[in-house]
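Have a look at this fold, sequence not included:
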């Protein structure tokens, strides 16, 4: 094999090795419980916005996106909670993005999207719509308010 | 090469129409940076509203310009290398379908009836003529492939032992990818969207529509890129004063693109519901695979440039970068190509981030995305399109380039603009700034309760970059239209730079034949996409009625589609 | 140019082509990969920090 093939081969080898490294890193992150959104079978129950408390630190939020607001608009959660968000849309495609928390979902009519988040630090976390959804798109933002748990 | 008057006129029109429309596209690019930086706090300006302008920007710059150019450049490369011309009526049929389609879509967008963006996701609904226009544009761009395939097969009969010229291989691979991927979007538009937009069907499966769109949408970016790759492999080394390090590397890359351009579309749907994690990860893996030919190309081109630089006496390991004809106005095409390559470093690397499953949550639909794709489609693709359009026009018409010394700096000005622009967008994206949003109305309006001061510096950077880019584009329009109105100084003809290969490589039949690669391409697409389409048809619940961007009330309320009636 | 001069140039070019090894391109490529890793791991650690 001429030299041209050998240096090209090296290039392919280096590239493959780096991509493999990335793949292992991704799998590690998945192991730390940061998964892609889960597939949930459709159920019209998810169209009713609500916050359900399962126990002291576990919550479920049925988040409904519509033109041009999220419901519930303000979600109060104690710090240290784990929250499952079930997200859908009553109309066009909306985005559902909590940028400080790796929550990045599409809200789609007839589909239920789900992700799980752990809110450790108190603060106000904005939920922003980042998919064009009509003339009111730029005003579509909601809040998750994570409240400090009073020390006993 | 002398070409017929018919082919000349065809190429002039196919270059001229999109470049003229590009003025609107560039104007709306600038306007978006103005709205987003909060310079103005309104929903529209000069009778065009933000989202209407965004639609025009995406459709003109990313669909019309790129498709017309790919066809015109395809005609030019096929004719130049095979020394035959495409069938006259086929070529003109393609032109008229594309032009009529573009006019229909343009009417729909300019009249405010299609503010749905270039992805046109349902349940947002556009005027039926928008969908029809898009379908015509796409079908029109298929048509030349059949003539070219014919030309190629008769050339092969005449030259059974000659290697297919790399540019010919590239054009045929590119349009094969295009034909396959556009079948999905043609189905989406003609079978799902058009009847629904006309009111003949009450609901649409949104996930299915999106999955069909992205079957098309990722391969689309390779349709944009491959003409530039053809220029990089077959012209750049010659323009640099050197030779192509490996012709075989080019062929391998092209066939890898043929295999892997299509079965990766789901990586645009990582955040979607109803598509299984397994398929998302699998197509993410394939996306890593399609990065490979770009890395091979990066190395091969660097080696070719190194050859050219060292021939001119460069010293040291990387000294060759200093000995290239960056500002030689008689070879301005080098400047356009190298500018694009430089941007592609960042565009390609950020693309790998986007393809990496769990990293998607950090960047999806934030400003990071347009930051990324302005370093790809508005980088190598855009610069190669405008540079080659000028080159083809000037060469064929025999008219000298107008203001050649300004012409050669345009690419560098554009590069500086994009770097500043994309830095602003990428940074903004990492701190939550959304894309596709008229920020000036709320998030960048100090008087509004949603005002987000963190996004002020990021959007200001994007504005500064946008202004520089617009200035570069303006100079280009002056150069191009100035050339058009200049007087002929020579007979003119079709002439392309042709790079010599460094090592005289024998013809390897495996890399000079389509059949085995097409079969593997088909198999991979089936494995990657059958599960995705099963997910998209079986998992979702009810379909959606149409919505205008202007109202939350669906356009047709029927018992079957209203969720409150279930 | 005399016959022997042009022949010598041709020999020189042949030698240049034969001896050409793309060391600079390999260096560039390694830098490209390193930049890619910096960008990728940058986003990766941002992501880990947001879990």
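Cool, the structure landed. This is a predicted model, so every value here is computed, not measured.

and stretch A:144-152, does that touch chain B?
No: Stretch A:144-152 stays clear of chain B (Cβ under 8 Å from any Cβ of the partner chain), getting no nearer than 13.5 Å. Bear in mind the C-beta positions are built from the backbone N, C-alpha and C, glycine included.

Show me what whichever helix or strand residue B:411 is part of is packed against.
Residue B:411 belongs to helix B:410-430 when assigned by DSSP states H and E. With contacts taken as 3 or more Cβ pairs under 8 Å, 6 or more residues apart in numbering or on different chains; DSSP states H and E, helix B:410-430 sits against helix B:332-355, helix B:360-363, helix B:368-373, helix B:382-397, helix B:455-484.

Compute the number of surrounding residues for the residue in chain A that chain C sits nearest to.
Going by Cβ to the nearest Cβ, chain C is nearest to residue A:102 of chain A, at 4.4 Å. Number of residues near residue A:102 (other Cβ atoms under 10 Å in any protein chain shown) recorded here: 23.

got a list of what the residue nearest in space to the middle of chain A touches?
By Cα atoms, centre = their mean, chain A has its centre lying nearest to residue A:103, at 2.3 Å. Residue A:103 makes contacts with A:85, A:96, A:97, A:115, A:117, A:127, B:361, as judged by Cβ atoms under 8 Å, 6 or more residues apart in numbering or on different chains.

Spit out the contact partners of residue B:152.
B:78, B:82, B:164, B:168, B:172.

And for the nearest residue to the third one once chain neighbours are set aside, the neighbour number?
Sequence neighbours aside, residue B:512 is the residue nearest to residue B:164 in space, at 5.4 Å (criterion: Cβ to Cβ, 6 or more residues apart in numbering or on different chains). Using other Cβ under 10 Å as the criterion, residue B:512 is surrounded by 13 other residues.

pLDDT below threshold where in the chain?
Chain wasn't specified; assuming chain A. Low-confidence segments of chain A (pLDDT under 70): A:1-4, A:152.

actually chain C
The model of chain C has pLDDT under 70 over residues C:1-5.

Let's see that with 90 instead.
Along chain C, segments meeting pLDDT under 90 span C:1-19, C:51.

Show me what from it comes close to chain A.
Contact residues, chain C versus chain A (Cβ under 8 Å from any Cβ): C:21-22, C:25-26, C:29-30, C:33, C:36-37, C:40-41, C:44, C:47-48, C:50-51.

Most neighbours among the residues you listed, please name it.
Counting neighbours by other Cβ under 10 Å, the top entry in the residues of chain C next to chain A is residue C:22, with 27 neighbours.

Tell me which stretches of chain A form strands.
A:38-40, A:50-55, A:58-66, A:69-71, A:74-78, A:81-89, A:94-98, A:103-107, A:112-119, A:123-128, A:141-147 (DSSP state E).

Quick one, which of these gets closest to residue B:270.
Closest approach to residue B:270 among those (Cβ to Cβ): strand A:103-107, 8.5 Å.

Tell me which strands that closest one pairs with, and in which orientation.
strand A:94-98 (antiparallel) (DSSP bridges).

Check the offset of the strand it pairs with from the chain's centre.
Centroid displacement of strand A:94-98 relative to its chain, using Cα atoms, centre = their mean, to the nearest Å, is 8 Å.

what's the pLDDT at the nearest residue to residue B:475 once chain neighbours are set aside?
Once flanking residues are discounted, residue B:475 sits nearest to residue B:410: 5.2 Å by Cβ to Cβ, 6+ apart. For residue B:410, the pLDDT comes out at 98.

Also residue B:556?
Reading off the model, residue B:556 has pLDDT 69.

thinking again about what came up before, mark which of the contacts of residue B:152 are part of helices, please.
Judged by DSSP state H, the contacts of residue B:152 include B:78, B:82, B:168, B:172 as members of helices.

about what we covered before: list the buried residues of the helix holding residue B:411.
For helix B:410-430, the neighbour count (16 or more other Cβ atoms under 10 Å in any protein chain shown) marks B:410-415, B:417-430 as buried.

quick one: terminal-to-terminal distance for stretch A:128-139?
End-to-end distance for stretch A:128-139, by Cα to Cα, to the nearest Å: 9 Å.

My error: substitute stretch B:235-248 in the last question.
Counting by Cα to Cα, you get 15 Å between the two ends of stretch B:235-248.

got a list of contacts for that stretch?
Among residues not part of stretch B:235-248, those counted as contacts by Cβ under 8 Å, 6+ apart are A:4-5, A:8, B:163, B:166, B:233-234, B:250, B:300-301, B:303-305, B:307-309, B:311-312, B:324-325, B:331, B:333-334, B:337-338, B:496-503, B:505, B:508, B:511, C:17, C:22, C:25.

avg pLDDT for it?
Mean predicted confidence for stretch B:235-248 is 96.

Also stretch B:10-17?
The average pLDDT for stretch B:10-17 rounds to 98.

Figure out which of the strands of chain A is closest to residue A:26.
Of all the strands of chain A, strand A:103-107 sits nearest to residue A:26, with 15.6 Å by Cβ to Cβ.

relative to strand A:112-119, how tilted is that closest one?
If you take axes from the mean of the first three to the mean of the last three Cα atoms, to 10 degrees, strand A:103-107 sits at 160 degrees to strand A:112-119.

hang on, the earlier thing: correct me, but the residue nearest to residue B:164 touches residue B:162?
No: contact criterion Cβ atoms under 8 Å: residue B:512 and residue B:162 do not qualify, at 9.1 Å.

what does chain B put close to chain C?
Within reach of chain C by Cβ under 8 Å from any Cβ, chain B has these residues: B:243, B:245, B:295, B:298-299, B:302-303, B:305-307, B:309-311, B:316-320, B:345, B:349-350, B:352-353, B:356, B:358-359, B:361-363, B:430, B:502-503.
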